[in-house]
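>>> just to be clear, the model below is a prediction. Sequence and coordinates:
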Amino acid sequence: MNEVKTDQIKRDYERVVSLTQQLVRIPSVFRPEDPDANEEQVAQFVAKYLRNIGIDVHMEEVAPGRPNLVGVIDSGKPGKTLLFEGHTDVVTEGDRSSWKHDPFGAEIIEGRMYGRGTNDTKGNLACMITAAQSILEDEESFTGKIILCIPVDEESMMLGIKHFINQGWADDVDGAIICEPEENQICIAQRGALRIKITVLGKMAHGAISWSGVNPNWRMAKIITAIQQLEQEEQSTHGEHPYLKWPSITPTILQAPVKGDAQINVIPERCMTTLDIRTVPNQDHQDLIKKIEKIFADLKDQDEDFKVEYEVIEDRPATETDRDQPVVQSVHNAVEHVLKQEPKYNGVPGATDGTFLHVHGVPIVTIGAGDRDIPHQINEYVEIDELGTTTEIYRKAALDFLNGDDK
């Protein structure tokens, strides 16, 4: 490696570590009950940073105190458009006393930076910004555009990326790199997410006079048992995906009564559960919903007192990107160049903002620094050397993609 190249990598490494620390030290947990707990401060910081390095910045409010940022780097030459995506929100730190390190301190200890968002995904947000800054500062030649998509609310209902798409920003994008912690593995598939709330209606009564009421808990138990059987059938039908493992249907919340105080000698009026359904690319969500409706119909046929309501809370399809897509090939070339080894392919176990870009017709690939098992944990961390490596991968992938002749 020549001296100029070594200096560039060292410069970018120092920048990305510093920028990650600055981002992590600005808390951006969204708490609806607190008007000051949102992504606004970190978005303002990033907007200023991008403007200072010569990037055209657009700020668009998705909800009060929750602005998306869009950075645009236009080469002035016709060509493809590459999008990098990294969100500004982080999940709650939980009980601070459980942390060994300040969750918003970004302390570096023995090669690791600790704090909420170091791994998911402020470290990778810093990587994509630093890669863009590196390309600009070195006056690298490229065609087309680079768009930095920096949305809010990825950790919840993904309002930010939906707003970004609805505003037309994704219409002419030819490929997207989703910047999430994947140990720099090339992830070309994501499990889908179908979330359903089920409420069984009963009749409140004294526990000692059970015949005078209708117990929703017995009926919910039958639903959950049938749902477990449905999961087994889906796994048998669709098998184990090479990157995403098995489809799953998981009851998560189970609550009775739904409102009011629980009491041991009172049959509740209602019982509620939520299903977190994770799908593989060959599963059809509408078909799954019909199968769940069939469970309800069969139970109704057996029990005239069976009454149920359900609501689809969120519907995010599974995604899969062909290895031959130019954006995947460019990331492959970058990983091979930077790591000096054959890239490893994998899948994302959950949904990302890339889900909705994929639905919009944008080929996506997910890659970034950070242990895949660390997101949302106490004492979240990222290896600081990996931040430097990821920055170089993003830089190399962008130049490879934009200077290719496959438009």
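That came through fine. Worth saying up front: this structure is predicted, and the values here are computed from it rather than measured.
>>> export stretch 66-85 as CSV, just CAs?
The C-alpha coordinates for stretch 66-85 follow below in CSV (Å, rounded to 0.1, in the frame of the first residue of the first chain):
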residue,chain,number,x,y,z
ARG,A,66,-38.3,14.5,14.1
PRO,A,67,-36.6,15.6,10.9
ASN,A,68,-35.2,13.5,8.1
LEU,A,69,-32.0,14.6,6.6
VAL,A,70,-31.1,14.1,2.9
GLY,A,71,-27.6,14.9,1.8
VAL,A,72,-26.9,15.1,-2.0
ILE,A,73,-23.5,14.9,-3.7
ASP,A,74,-24.0,15.6,-7.4
SER,A,75,-21.0,14.9,-9.7
GLY,A,76,-22.6,17.1,-12.4
LYS,A,77,-22.1,14.2,-14.8
PRO,A,78,-24.9,11.8,-16.0
GLY,A,79,-24.9,8.4,-14.3
LYS,A,80,-26.4,6.3,-11.6
THR,A,81,-27.6,7.3,-8.2
LEU,A,82,-26.3,5.4,-5.1
LEU,A,83,-28.1,5.8,-1.8
PHE,A,84,-26.5,5.3,1.7
GLU,A,85,-29.1,4.9,4.5
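>>> list the buried residues of that stretch.
For stretch 66-85, burial by neighbour count (16 or more other CB atoms under 10 Å) applies to 66-71, 73, 75, 79-85. C-beta here means a position set from N, CA and C on the backbone, and glycine is covered the same way.
>>> just the ones of the residues you listed in strands?
Within the buried residues of stretch 66-85, membership in strands is found for 66-71, 73, 81-85, as judged by DSSP state E.
>>> so which of the residues you listed is the closest to residue 377?
For these, the closest approach to residue 377 (CB to CB) belongs to residue 85, at 22.6 Å.
>>> now do the contacts for the nearest residue to that closest one once chain neighbours are set aside.
With sequence-adjacent residues excluded and distances taken as CB to CB, 6 or more residues apart in numbering, residue 85 is closest to residue 149, at 4.3 Å. Residue 149 is in contact with 68, 70, 83-86, 161, 164, 169, 176, 353, counting by CB atoms under 8 Å, 6 or more residues apart in numbering.
>>> what pairs with the helix or strand containing residue 149, parallel or antiparallel?
Secondary-structure element containing residue 149, defined by DSSP states H and E: strand 145-150. According to DSSP bridges, strand 145-150 forms sheet pairs with strand 66-74 (antiparallel), strand 81-85 (parallel).
>>> between these, which one is nearest to residue 23?
Going through those one by one, with CB to CB as the measure, strand 66-74 comes closest at 12.4 Å.
>>> please identify the buried residues of stretch 206-215?
Buried positions in stretch 206-215, judged by neighbour count with 16+ other CB under 10 Å: 213-215.
>>> what sits up against that stretch?
Contacts for stretch 206-215 (CB under 8 Å, 6+ apart): 201-205, 264-267, 305.
>>> put the alpha carbons of it into PDB.
Output for stretch 206-215, consisting of C-alpha atoms alone and laid out as PDB, is shown next (Å, rounded to 0.1, in the frame of the first residue of the first chain):
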ATOM      1  CA  HIS A 206     -67.000 -14.100  39.300                       C
ATOM      2  CA  GLY A 207     -64.400 -16.800  39.200                       C
ATOM      3  CA  ALA A 208     -66.500 -19.000  41.500                       C
ATOM      4  CA  ILE A 209     -69.500 -18.700  39.200                       C
ATOM      5  CA  SER A 210     -67.700 -19.400  35.900                       C
ATOM      6  CA  TRP A 211     -70.900 -20.600  34.100                       C
ATOM      7  CA  SER A 212     -72.300 -17.100  34.400                       C
ATOM      8  CA  GLY A 213     -69.500 -15.600  32.300                       C
ATOM      9  CA  VAL A 214     -67.600 -16.300  29.100                       C
ATOM     10  CA  ASN A 215     -63.900 -16.800  29.800                       C
END
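>>> all helices for the stretch 1-150 of the chain, in order.
If DSSP state H, counting those that start in this stretch is used as the criterion, the helices of the stretch 1-150 of the chain fall at 3-24, 40-52, 122-137.
>>> I'd like the buried residues of stretch 206-215 as a markdown table, with distance to residue 390, pLDDT and secondary structure appended.
Compiled in a markdown table, those are given as follows (distance: CB to CB, whole Å; pLDDT from 0 to 100; DSSP: H, G, I helix; E, B strand; the rest coil):
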| residue | distance to residue 390 | pLDDT | secondary structure |
| --- | --- | --- | --- |
| 213 | 59 | 97 | coil |
| 214 | 57 | 98 | strand |
| 215 | 54 | 98 | coil |
